[in-house]
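In: Kindly return the folded structure for what I paste below:
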Amino acid sequence: MSDHIDRLRTEGYIVIPDIIPKDEMPRIRASVQASTNANATPDALNKGIGHVGGFMRFDQSMAPYLADPRLIGPIQELLGPQIKVSFTTATINLAGNPRGTWHADWPFNQERAGHVAAPYPDLPVHVTTLWMLSAFSAENGGTLIVPGSHRQQNNPTGNNGVNPAAPHPDEVNASGDEGSVLVMDSRLWHSTAPNRTDQSRVSVVVRYAPWWLNTQVLMPNSEERRMLMEQTGLDDNLQPSVPRDVYDSLPNDVRPLFSHLLED
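Out: The predicted structure is shown next:
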């Protein structure tokens, strides 16, 4: 685990293999694809991405693996022992999707209502994980990342002088076998990569936060969301509540990660 922690701190990312067993992959991938097809947002589809926010409401096929100690251990080393899932998103790069723009994830995306103002302190406060339900490669749109960029005090969403649409000299494609998980400090600069194959690249994004990070801005109709969107004129991600029946269906070790999202 120490190698994982060292690389997370210096490079900003790691890939942990075999979190989901190989024999479970076809079932889970098919389930995620079907749930995404049924619930995808039209705006994202127009950009070549199958996108579903609050994905755990619709599909719990990955739930047994979300608290795997091989994954949770490094995250707790960064964020502390008490953590929660902040939001879940299905993200499928459809065949032929275009390249995206450089950004860091919430709460460091300066184009979102709820964001930490730059310059950032050098402190990890949020972790983004991409679950590789298809193998990730340069050919099929493995996420583009800039290693070490999480140590910068700003990112291209904050007009830092870097063209968000241009290739970066240090960019690499995240790669790994199906069942692996890409773990990133959410400050890491990354971008949607073009999928040059004829098959969809399937993933689910699960973000983890320390217990103290206020995620109310992500909740529909919350006062924090209304206030911040009004003050900034910006939109933000959405993470609706998790229904009681979905919560009750989760494994015992996974429920604490979602208890703050439980529907009233």
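In: Can you give me the end-to-end span of stretch 164-176?
Out: End-to-end distance for stretch 164-176, by C-alpha to C-alpha, to the nearest Å: 25 Å.
In: what do you get for stretch 213-221?
Out: 19 Å.
In: Show me the residue at the heart of the protein, geometrically.
Out: Centroid-nearest residue in the chain: residue 205, 3.6 Å away (criterion: C-alpha atoms, centre = their mean).
In: any idea how far it is from residue 153?
Out: 24 Å (C-beta to C-beta, to the nearest Å). For the C-beta atoms, the positions are set from N, CA and C on the backbone; glycine is no exception.
In: And for residue 83?
Out: Counting by C-beta to C-beta - residue 83 and residue 153 are separated by 25 Å.
In: quick one: which of these two has more around it?
Out: Neighbour count, other C-beta atoms under 10 Å: between residue 83 and residue 153, residue 83 has more, with 20 against 12.
In: Show me what secondary structure element comes after the helix or strand bottoming out on mean pLDDT in the chain.
Out: Within the chain, confidence by mean pLDDT, DSSP states H and E is lowest for helix 42-45 among all helices and strands, at a mean of 87. As assigned by DSSP states H and E, the chain's next helix or strand after helix 42-45 is strand 49-53.
In: how far does that following strand sit from the chain's center?
Out: A distance of 12 Å separates the centroid of the chain from that of strand 49-53, by C-alpha atoms, centre = their mean, to the nearest Å.
In: which secondary structure elements does it contact?
Out: Using 3 or more C-beta pairs under 8 Å, 6 or more residues apart in numbering; DSSP states H and E as the contact test, the elements touching strand 49-53 are helix 25-39, helix 42-45, strand 83-93.
In: Show the average pLDDT along the helix or strand just after that strand.
Out: Where DSSP H and E defines the elements, the next helix or strand beyond strand 49-53 is helix 69-79. In this model, helix 69-79 has a mean pLDDT of 97.
In: Can you list the buried residues in helix 69-79?
Out: Going by neighbour count (16 or more other C-beta atoms under 10 Å), the buried part of helix 69-79 is 71, 72, 74, 75, 76, 77, 78, 79.
In: do stretch 151-167 as well
Out: Using 16+ other C-beta under 10 Å as the test for burial, stretch 151-167 gives 152, 154, 155, 156, 157, 158, 160, 162, 164.
In: go on, stretch 172-189?
Out: Across stretch 172-189, burial judged by 16+ other C-beta under 10 Å covers 174-176, 178-189.
In: Span of that stretch from start to end?
Out: 11 Å.
In: Check the offset of that stretch from the chain's centre.
Out: The answer for stretch 172-189 is 10 Å, by C-alpha atoms, centre = their mean.
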